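Student: My questions are about this predicted structure, shown below with the sequence.
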Amino acid sequence: MEKATFGAGCFWGVEAQFRQVKGVTSATVGYSGGAMEDPSYEDVCSGKTGHAEAVEVIFDPETISYDQLLDVFWSIHDPTTLNRQGPDVGSQYRSAIFTHDSGQVAAARASKERLQSSAGNTREIVTEITPATAFYRAEDYHQQYLKKARGRRRLF
């Protein structure tokens, strides 16, 4: 199994999308890319920790490649909006690829360049590509939130 970590806006939808991908064995929501140790949701939402809402994906590379996960990543959010996805605004919602090794760095950069130069793309891709740092698992109520909330009122 291998690990990939992505930030693409609110982590609830990102997690739900990756959980549907064949070859993904788990997707966990949390916080990555910031300075504070073990931040809470409230800390991250303050915008003062430097963390992004992120999803840690564990995948079977014999079933799905990292390049294919990058394709999913690009397709589920707008990588041309800085610190924003839909109605969610702030650096915690930034588009980010947190790489775990040199192969992921090369693949992420090449994938971003392909997307930037693709026909029809007229806006700059603002996705950051940075080495993965500590990933802090989000509170339990955030894990599989959309699945839990289906058919019920919001959990908070």
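Tutor: Received it, and whenever you're ready, just let me know what you need.
Student: rest of the way, CA atoms for contacts and neighbours
Tutor: Fine.
Student: confidence score at Tyr141?
Tutor: Looking at Tyr141, its pLDDT reads 87.
Student: tell me the secondary structure for it?
Tutor: Three-state assignment for Tyr141 (DSSP: H, G, I helix; E, B strand; the rest coil): helix.
Student: heads up, I number from 837, so please use that
Tutor: Will do, 837 is the new start, and the previous item becomes Tyr977.
Student: separation between it and Lys983?
Tutor: 11 Å (CA to CA, to the nearest Å).
Student: Please determine how far Asp907 is located from Ala943.
Tutor: For Asp907 relative to Ala943 (CA to CA), the value is 11 Å.
Student: got a list of what the closest residue to Phe971 other than its chain neighbours touches?
Tutor: Using CA to CA, 6 or more residues apart in numbering and skipping the chain neighbours, the partner closest in space to Phe971 is Ser868 (4.9 Å). Residues near Ser868 by CA atoms under 8 Å, 6 or more residues apart in numbering: His887, Ala888, Glu889, Ala890, Ala968, Thr969, Ala970, Phe971, Tyr972.
Student: quick one: which of those is most hemmed in?
Tutor: If you count neighbours using other CA atoms under 10 Å, the busiest of the contacts of Ser868 is Ala890, which has 34 neighbours.
Student: helix, strand or coil for that one?
Tutor: strand.
Student: isn't it right up against Ala863?
Tutor: No. Here Ala890 does not reach Ala863: they are 9.9 Å apart, not a contact under CA atoms under 8 Å.
Student: in terms of contact, does Ser947 touch Val908 like I think?
Tutor: No. Counting by CA under 8 Å, Val908 is not a contact partner of Ser947; they are 11.4 Å apart.
Student: pull the CA atoms of the helix or strand of the chain with the lowest mean pLDDT into CSV?
Tutor: Counting by mean pLDDT, DSSP states H and E, the chain has its least confident helix or strand at helix 981-985, which shows a mean of 81. The C-alpha trace of helix 981-985 is given here as CSV (Å, rounded to 0.1, in the frame of the first residue of the first chain):
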residue,chain,number,x,y,z
TYR,A,981,-19.3,13.0,7.5
LEU,A,982,-21.3,13.0,4.3
LYS,A,983,-22.1,9.3,4.7
LYS,A,984,-23.2,9.9,8.3
ALA,A,985,-25.2,13.0,7.5
